[in-house]
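J.: Below is the structure, and that's it, no one-letter string:
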């Protein structure tokens, strides 16, 4: 089993930045792809960003491309999401996720491990 714990969420103003972290523990040697999804109140959980183990492959949702940057430190078993230029529509619970898959995917069903989520609220 793999455990994922997110941190770094909070309340910020539009235009501010936040960096989310996700610490992985347990059988981390089985993890390849890691990513972030988010879920706004009353909406479906949606893809944000994903990255392969090596970092050679990254994908972003169109809505965050150019503003968010995903990265990982495999030595620390930690995934990050740097969020710049935050907008009120970025308000959501952000979930860290991990998969055994070698090739990153934007499909929620391809990820088997999920954290509990961290709230990000952006005021206008």
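T.: Here it is on my side, so go on. Everything numeric in this text was worked out from a predicted model, so none of it was measured. Numbering: from 1, shown residues only.
J.: Tell me the spatial nearest neighbour of residue 22, not counting adjacent residues.
T.: residue 96 (3.3 Å; CB to CB, 6 or more residues apart in numbering). Quick note: C-beta positions are derived from backbone N, CA and C, even for glycine.
J.: buried sites along the helix or strand hosting the one you found?
T.: Using DSSP states H and E, residue 96 sits in strand 92-98. For strand 92-98, burial by neighbour count (16 or more other CB atoms under 10 Å) applies to 92, 93, 94, 95, 96, 97, 98.
J.: Stretch 111-123 now?
T.: 111, 113, 114, 115, 117, 118, 120, 122.
J.: What pairs with the helix or strand harbouring residue 122, parallel or antiparallel?
T.: Secondary-structure element containing residue 122, defined by DSSP H and E: strand 118-123. With DSSP bridges as the test, strand 118-123 is paired with strand 10-13 (parallel), strand 92-98 (antiparallel).
J.: which residues touch it?
T.: Residues from elsewhere that reach strand 118-123 (CB atoms under 8 Å, 6 or more residues apart in numbering): 6-14, 16, 18, 20, 38, 83, 86-94.
J.: got it, and stretch 10-18?
T.: Residues from elsewhere that reach stretch 10-18 (CB under 8 Å, 6+ apart): 8-9, 82-88, 119-124.
J.: gap between the two ends of that stretch?
T.: Terminal residues of stretch 10-18 are spaced 8 Å apart (CA to CA, to the nearest Å).
J.: Specify the local secondary structure of residue 109.
T.: Local secondary structure at residue 109 is given as helix here, using DSSP: H, G, I helix; E, B strand; the rest coil.
J.: Neighbours of it, how many?
T.: Using other CB atoms under 10 Å, residue 109 is surrounded by 6 other residues.
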